[in-house]
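>>> Using only what follows, build the 3D model:
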Amino acid sequence: MSKRVAPPSGMPPPEAVISPHGQELDLVALARDTCVTYDAEFPDERERYGPAGAEWCRHDCQHLLNWAVLSLTEALDFEAQLAWLARVLEARDFPIPRLARCLEMLAHAVRDAVPDEPEVAARLDIGAEFVASRPSFLH
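Now for the predicted structure:
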């Protein structure tokens, strides 16, 4: 069964963010790299979501990484943001374990691209553990 979705709309994700160590992180490039890895691991989503699925992956990864950084540099509750996104995705029948896996992939991309920002990758790993620890975000 195909659940073709519309491309992302609403508030576009940021393209860059200033890291805890003061360097500008290219959210677009990190999201793109993560989504290539994600697509290789979950090719079934191409049929399920169509071309907009890849757009949503980049969109969500940019937001996820931005939230992780802002939770380190400002007063942003990363777990609250993750829970909100997980509720939205779960309500749309998206497999929540894949969100946790995506966060792990994003952490790996950060470690590869910006190894001098270990706090960012660690925050993403903690986010993955948080998402994976909950059987549901709808209750």
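>>> secondary structure element for the residue sitting nearest the centre point of the chain?
Nearest to the geometric centre of the chain sits residue 61, at 3.3 Å (CA atoms, centre = their mean). Using DSSP states H and E, the element containing residue 61 is helix 51-73.
>>> list the buried ones in that helix?
53-73 (16 or more other CB atoms under 10 Å). (Each C-beta comes from the backbone N, C-alpha and C, glycine too.)
>>> hang on, the earlier thing: grab the nearest non-local neighbour of the residue nearest to the centre of the chain.
Of all residues not flanking residue 61 in the chain, residue 31 sits nearest, at 3.6 Å (CB to CB, 6 or more residues apart in numbering).
>>> List the contacts of that neighbour.
Counting by CB atoms under 8 Å, 6 or more residues apart in numbering, residue 31 touches 13, 57, 58, 59, 61, 62, 65, 106.
>>> per-residue pLDDT, the fifth one?
Note for residue 61: predicted pLDDT of 98.
>>> Go ahead and confirm it touches residue 106.
Yes. Using CB atoms under 8 Å, residue 61 makes contact with residue 106 at a distance of 5.7 Å.
>>> Please work out the average pLDDT along the host helix or strand of the residue nearest to residue 61.
Element membership of residue 31 [criterion: DSSP H and E] is helix 27-41. Mean pLDDT, computed over helix 27-41, is 98.
>>> and that helix with helix 51-73, angle?
130 degrees (axes from the mean of the first three to the mean of the last three CA atoms, to 10 degrees).
>>> May I see the buried residues of helix 27-41?
Quick answer for helix 27-41 (16+ other CB under 10 Å): 27, 30, 31, 32, 33, 34, 35, 37, 38.
>>> by contact count, what packs against the next helix or strand after that helix?
Proceeding N to C from helix 27-41, the next assigned helix or strand is helix 44-49, under DSSP H and E. With contacts taken as 3 or more CB pairs under 8 Å, 6 or more residues apart in numbering; DSSP states H and E, helix 44-49 sits against helix 51-73.
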